[in-house]
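Q: Dropping the sequence and predicted coords here.
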Amino acid sequence: MRPAMRVLRLQGFPIFRQLQLEERLMHKTDENWCIFNNGTSPPTIVMGVSGSPEELLDVDAVSRDGIPVVRRFSGGGTVIVDEDTLFVTLICSRKAIPSLELFPRTILKWTGELYKNVFWDNPDFTVHEQDYAFGQTKIAGNAESISKDRWLHHTSFLWDYSPPRMAYLTIPRRAPAYRLGRSHGDFICKLKDYLSYREELAELLEDALGRHFFLERTRLEDVDEEEYKHRTQFVELLRSPI
Amino acid sequence: MALRSMAAQAATILRIRCQPHLAQALAIPLARGFATTVPIPQDLKFLESHEWVKVESGTGTVGISDHAQHELGDVVFADLPEIGSSVTKGKNFGVVESVKACSDIYSPVSGEVIEVNEEVKQTPALVNKNAFGEGWLIKVKMSNVSDLDGLMDPAAYEEHVKSGGH
């Protein structure tokens, strides 16, 4: 019998609130979840748990333009997200997939197979190191949070992106080998060049998830708002002295 | 010593000025690349979640296993508790970050944190290099010796790993 998974589809939900919601669902429930958010507002920079603004951002430009910066609870790199970012988050209990050992590579292998079914008609879909890619270009960044009995895997797909906004991010010191020093524009591709419409990603994903889970649509207002001490917080930036 | 020599030769080939701290920095990834199965020290006890404890005179030294570091990948950050804080057996006391993932780490024993491995905080790759030795994470003044009951001995932990770690 397939385990149940609650599916939450959001539209333009602020990423800070989404991350805090995910953190709460990961740590305060034992249910399985799929969260799909079609875009976010305002444009926001999101760093991993150990991200350093001075290393990863053009701090002066970010401060000058008032771009919010969030440090999330999961690992991984830095992204800038906006109305053209599609978010997919999976939160699962160990017992949902008992054969899955809860380590980053094994989880990515499982989700990689899931997304291979999502992008079934694109033979170039692959997993490069820890990225989802079409051929040699990255289609999505992802990150994980793993506890003893639960795991979370969240992914941000670029339906489209704004090169000026990308310029807020520096090329990270630690980059996957297949990046080969390429600029953001040469390294990343746009999902709109591969899918017909934005909601198609959610529909394909639900088809793929339905093979493993019994899906139950859920509304945001039906999700419990339990108290939780979040690690996800806004970051205050210090501009360099003039 | 052999790894330091190899790193020095690599640095020469790559035309890098070989200062001792750079040679050491190169040695750590080289050590990881040449790592083989590490024997499990026989004086450790384990949680199912792959943390170990070594008890000496009522103090437990805690770390993660070599299997865990291998499965996590390159450890890039360790968030550890403050000295003086309390930890509880089976409860989360910190996280290690490995490239794209944050993984909770659990304490095999209860008590007060009396030491935190500052070298690991500075150089998280030490966890990969020597998970059972210099990659230790915290030291705990144990509040209850019976916490060791129910922990796995090395043979049981090895079986646990072979069976897929469940």
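A: Happy to help now that I have it. Numbering: from 1, shown residues only, chains lettered A, B, ... in the order given.
Q: going forward, measure contacts and count neighbours with C-alpha atoms only.
A: OK.
Q: In chain B, which residue sits nearest chain A?
A: residue B:100 (3.7 Å; Cα to the nearest Cα).
Q: what about the closest residue to that residue other than its chain neighbours, helix or strand, and which?
A: Distance criterion Cα to Cα, 6 or more residues apart in numbering or on different chains; nearest residue to residue B:100, sequence neighbours excluded, is residue A:76 at 3.7 Å. Under DSSP states H and E, no helix or strand contains residue A:76.
Q: still on that earlier bit, how much space between the residue of chain B closest to chain A and residue B:81?
A: Per Cα to Cα, to the nearest Å, residue B:100 is found 22 Å from residue B:81.
Q: more crowded one of those two?
A: Comparing residue B:100 with residue B:81 by other Cα atoms under 10 Å in any protein chain shown, the one with more neighbours is residue B:100, at 27 against 17.
Q: hang on, isn't that one packed against residue A:78?
A: No - applying Cα atoms under 8 Å, one finds residue B:100 not in contact with residue A:78, separated by 10.5 Å.
Q: How about the residue nearest the centre of chain B: what's its closest non-neighbour residue?
A: The centre of chain B sits closest to residue B:131, judged by Cα atoms, centre = their mean, with a distance of 3.5 Å. Nearest residue to residue B:131, sequence neighbours excluded (Cα to Cα, 6+ apart): residue B:66, at 5.3 Å.
Q: Those residues of chain A touching chain B, which are they?
A: A:49-50, A:73-77, A:101, A:103-105, A:130, A:142-148 (Cα under 8 Å from any Cα of the partner chain).
Q: where does chain B have low pLDDT?
A: B:1-36, B:166 (pLDDT under 70).
Q: Within range of chain A, give me the residues from it.
A: B:49, B:71-72, B:77, B:97-105, B:164-166.
Q: hang on, the earlier thing: make sure the residue nearest to residue B:100 is actually in contact with residue B:101.
A: Yes - counting by Cα under 8 Å, residue A:76 touches residue B:101, with 6.1 Å between them.
Q: Now the common contact residues for those two.
A: Common neighbours of residue A:76 and residue B:101, counting by Cα atoms under 8 Å, 6 or more residues apart in numbering or on different chains, are A:143-144.
Q: quick one on the thing from earlier: in helices, which of the residues of chain B next to chain A fall?
A: B:71-72 (DSSP state H).
Q: Of the residues of chain B next to chain A, which belong to strands?
A: Per DSSP state E, strands hold the following members of those: B:77, B:97-98, B:101-105.
Q: With neighbour count as new columns, can the residues you listed be given to me in TSV?
A: Output for these, formatted as TSV (neighbours: other Cα atoms under 10 Å in any protein chain shown):
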residue	neighbour count
B:77	23
B:97	27
B:98	23
B:101	32
B:102	33
B:103	25
B:104	18
B:105	25
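Q: Closest to residue A:126 out of the residues you listed?
A: Among these, residue B:101 lies closest to residue A:126 (Cα to Cα), at 19.4 Å.
Q: Return the closest of the residues of chain B next to chain A with respect to residue A:194.
A: residue B:100 (25.4 Å).
Q: what's the most centrally placed residue in chain A sitting at in phi/psi?
A: The centre of chain A sits closest to residue A:155, judged by Cα atoms, centre = their mean, with a distance of 2.5 Å. Here is the backbone geometry of residue A:155 (degrees, to the nearest 10): phi -130, psi 140.
Q: ok, it touching residue A:85?
A: No - with contacts counted by Cα under 8 Å, residue A:155 stays clear of residue A:85, the gap being 9.9 Å.
Q: Can you pull the residues that touch both of these two?
A: Going by Cα under 8 Å, 6+ apart, no residue sits against residue A:155 while also sitting against residue A:85.
Q: can you map out the strands along the chain?
A: If you meant another chain, say so; for now it's chain A. Counting by DSSP E, one finds strands in chain A at the ranges A:4-11, A:33-38, A:44-47, A:69-71, A:79-81, A:85-93, A:125-128, A:131-134, A:137-146, A:150-158, A:214-218, A:233-234.
Q: To clarify, I was referring to chain B.
A: Under DSSP E, chain B gives strands at B:45-46, B:51-56, B:59-64, B:77-79, B:86-87, B:92-98, B:101-106, B:111-116, B:138-142.
Q: give me the number of residues near residue A:25?
A: Per other Cα under 10 Å, the neighbour tally for residue A:25 reads 22.
Q: quick one: least confident helix or strand in chain A?
A: helix A:184-187 (a mean of 84; mean pLDDT, DSSP states H and E).
Q: What helices and strands are in contact with that helix?
A: For helix A:184-187, the elements it packs on are strand A:137-146, judged by 3 or more Cα pairs under 8 Å, 6 or more residues apart in numbering or on different chains; DSSP states H and E.
Q: so what does the strand it packs on touch, helix or strand wise?
A: Where contact means 3+ Cα pairs under 8 Å, 6+ apart, strand A:137-146 is packed against strand A:131-134, strand A:150-158, helix A:184-187, strand B:101-106.
Q: ok, the second one: who's next to it in the sheet?
A: Using DSSP bridges, the strands paired with strand A:150-158 are strand A:85-93 (antiparallel), strand A:137-146 (antiparallel).
Q: and residue A:165, which of these is closest to it?
A: strand A:85-93 (12.5 Å).
Q: So what touches that closest one?
A: For strand A:85-93, the surrounding residues in contact (Cα under 8 Å, 6+ apart) are A:25-26, A:30-40, A:149-161, A:198.
Q: can I get the CA coordinates of that strand in CSV?
A: Extracted C-alpha coordinates of strand A:85-93, given in CSV (Å, rounded to 0.1, in the frame of the first residue of the first chain):
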residue,chain,number,x,y,z
THR,A,85,11.4,30.5,-9.9
LEU,A,86,9.4,27.3,-9.4
PHE,A,87,9.9,25.6,-6.1
VAL,A,88,9.5,21.9,-5.3
THR,A,89,10.0,20.5,-1.8
LEU,A,90,9.7,16.9,-0.8
ILE,A,91,9.5,16.0,2.9
CYS,A,92,9.4,12.3,3.8
SER,A,93,9.6,10.0,6.7
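Q: Specify the angle between that strand and strand A:33-38 in degrees.
A: Strand A:85-93 and strand A:33-38 meet at an angle of 180 degrees, taking axes from the mean of the first three to the mean of the last three Cα atoms, to 10 degrees as the criterion.
Q: hang on, the earlier thing: give the contact list for the residue nearest to the centre of chain B.
A: Residue B:131 touches B:63-66, B:69, counting by Cα under 8 Å, 6+ apart.
Q: next one: residue B:67
A: Residue B:67 is in contact with B:50, B:161, counting by Cα under 8 Å, 6+ apart.
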